[in-house]
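> Sequence first, then the predicted structure, then my questions.
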Amino acid sequence: MKKNKKKKSKWRNHYRLVVLNDDTFEERFSLKLNRLNVFIVTLVSAVTLVTLTTIFIAFTPVREFIPGYSSSEIRNKTIALIQETDSLKMQMALNEQQYSRIKMVLKGDITSEEYARIDSVAQVETQLSIADFAPSREDSLLREEVAREDKYNVVEGAKARTNFVFFKPLRGQISASFSIKEKHYGVDVTAASNTPIKAAAAGTVIFSGWSAETGYTILLEHSYGLLTVYKHCGSLTKSQNDQVLAGEVIATVGNTGELTNGPHLHFELWSDGYALDPTNFINFE
């Protein structure tokens, strides 16, 4: 018990801190202390110092000079780079779809079963889009009101898909017709060599180059997801990414490529990934 009392008394023993003048020994400052007070003051000072330092580092630009902290400028640049990366990924995905589409058109790499599947899907979508759902009375009244309001309204820049007209690429005799079973996804139009070939519609050149099987080939992309293909050309007058107008000369008739037996144009028309019979839209004779 005596030892415990002695230990407790050591913490509560009072001491005096005195500051004296070294020359005159005059007392300048004195402070009455004990070990417990010194410990508490030291602990509180340490906690206060750590807290203030943390706040100072966290909420002031000083943190940028401390390893492990990034500046706001770097964070903004990082966010911008992430957004740009995401947009580039989306653009690359769209480009991949376009390139696979071009590859399919160039090689004609589509079976009759696949074409029938795509065509049936398109027909089902068309049937669904024109399905007659019986409207309610409120819906009918709303439709009549909107129809009266929009009866004489004109939407600026509106275009009808049915108004899309194709220009005749060239005049000639059809030597081979469109056939899905024979994987002939276009028509062969015979003409003399070097006869100008014209764009069937305004659009953008998405491919212009050489293919071992089809020779000089050029692809145009038009509105409404339409593609026109011109194969076995003798020469090409347009390059990739060129903008062309309907009726503008883009190539000449030739006899290039392995799959040809004389001067002619192999012309294809594609819509949303499946081939259409060009003679349903263009009269080549």
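Done, it's in.

> contacting residues around residue 220?
By CB atoms under 8 Å, 6 or more residues apart in numbering, residue 220 lies in contact with 199-201, 203-206, 227-228, 230, 244, 250. For every residue, glycine as well, the C-beta is placed using N, CA and C.

> Would you write a PyMOL line that selects the buried entries of the residues you listed?
Here is the PyMOL command that selects only those of the contacts of residue 220 that count as buried (16 or more other CB atoms under 10 Å):
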select buried, resi 199+200+201+203+205+206+227+228+230+244+250
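
> Which one of the contacts of residue 220 is nearest to residue 165?
Top of the list for closeness to residue 165, among the contacts of residue 220 and by CB to CB, is residue 201 at 7.7 Å.

> can I assume the closest one is in contact with residue 166?
Yes - between residue 201 and residue 166 there is a contact at 5.6 Å, judged by CB atoms under 8 Å.

> Now for these two: what residues contact both?
In contact with both residue 201 and residue 166: residue 246, using CB under 8 Å, 6+ apart.

> partner residues bridging the closest residue to residue 26 other than its chain neighbours?
Nearest residue to residue 26, sequence neighbours excluded (CB to CB, 6 or more residues apart in numbering): residue 20, at 6.6 Å. With DSSP bridges as the criterion, residue 20 is bridged to residue 27.

> Residue 20 against residue 27, yeah?
Yes - Residue 20 lies in contact with residue 27 (CB under 8 Å); the separation is 5.8 Å.

> what sits against residue 250?
197-199, 205, 218, 220, 230, 236-238, 244.

> With residue 61 as the reference, measure out to residue 243.
51 Å (CB to CB, to the nearest Å).

> Ignore what I typed, I meant residue 275.
Relative to residue 61, and taking CB to CB, residue 275 is found at 64 Å.

> Which of those two has more residues huddled nearby?
residue 275 (24 against 8; other CB atoms under 10 Å).

> Torsion angles phi and psi at the more buried one?
phi -80, psi 150 (degrees, to the nearest 10).

> That one contacts residue 269, correct?
Yes - applying CB under 8 Å as the test, residue 275 and residue 269 come out as touching, 7.0 Å apart.

> so where is this structure shaky, pLDDT-wise?
1-11, 62-72, 101, 104-163 (pLDDT under 70).

> Scan it for its longest strand.
Assignment by DSSP state E gives strand 226-236 as the longest strand of the chain.

> What helices and strands are in contact with that strand?
helix 72-107, strand 203-211, strand 215-221, strand 249-253, strand 264-271 (3 or more CB pairs under 8 Å, 6 or more residues apart in numbering; DSSP states H and E).

> ok and that strand relative to strand 264-271, angle-wise?
Strand 226-236 and strand 264-271 are oriented at 160 degrees to each other (axes from the mean of the first three to the mean of the last three CA atoms, to 10 degrees).
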